[in-house]
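Undergrad: Could you work out the structure for the sequence below:
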Amino acid sequence: MSNVRFYLLDETNDTHQQPAHFALACLLATRSYRQKQKCLVYCQDQQQAEQFDELLWQLPNDAFVPHNLSGEGPVGGAPVEICWQTPSQFNRPILINLADNIPDFHQRFRQVIDFVPAKEQLKPQARERYKQYRALGNQLDTLPASSINETQNNG
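TA: Here you go, the predicted structure:
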């Protein structure tokens, strides 16, 4: 059983360069790295994975997070691994889901992070993921995206 946390995005999180949940996922991956916890960022497809990879490279030098696309980098992967297929290893406690569906392998992780977009037309997919996680017996909680800064130390 995994602990699944949904973050509710609001309109102010949206930018034209990337989906709102990418910026939040970047922040969460950075926090995970600083807490010395490896995480896996699961993307919809290779294009989305490369887009997220590029976003992590754009972080300021003092906020750099060692990361790699699945299959690249050091043996065992970097602290933050980005994939779009089932990973070969599950040696990470945290899964950040950027895909439209729940990953088949999500229960191999202690903590799963998912997102509810602000746009009404995108919410049904998030609601469906929520129902699926719940039906599979996961522990669920929901927080506003703005609470990220408040939960820095007790994530």
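Undergrad: what's the following helix or strand after the helix or strand harbouring Phe52?
TA: Per DSSP states H and E: Phe52 is located in helix 46-57. Going down the chain from helix 46-57, the next helix or strand is strand 67-69, by DSSP H and E.
Undergrad: Each with direction, which strands does that following strand pair with?
TA: strand 80-83 (parallel) (DSSP bridges).
Undergrad: What strands line up against the helix or strand following the partner strand, and which way round?
TA: Downstream of strand 80-83, the next assigned helix or strand under DSSP H and E is strand 94-97. Using DSSP bridges, the strands paired with strand 94-97 are strand 39-42 (parallel), strand 111-116 (parallel).
Undergrad: would CSV of those with mean neighbour count, distance to Ser2 and mean pLDDT be doable?
TA: In this view, the C-beta of every residue, glycine as well, is placed from N, C-alpha and C. Listed next are the strands paired with strand 94-97 as CSV, based on neighbours: other Cβ atoms under 10 Å; distance: least, Cβ to Cβ, whole Å; pLDDT from 0 to 100:
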stretch, mean neighbour count, distance to Ser2, mean pLDDT
strand 39-42, 28, 12, 96
strand 111-116, 23, 5, 96
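Undergrad: what residue lies at the spatial centre of the chain?
TA: Most central in the chain under Cα atoms, centre = their mean is Ile96, positioned 2.2 Å from the mean C-alpha point.
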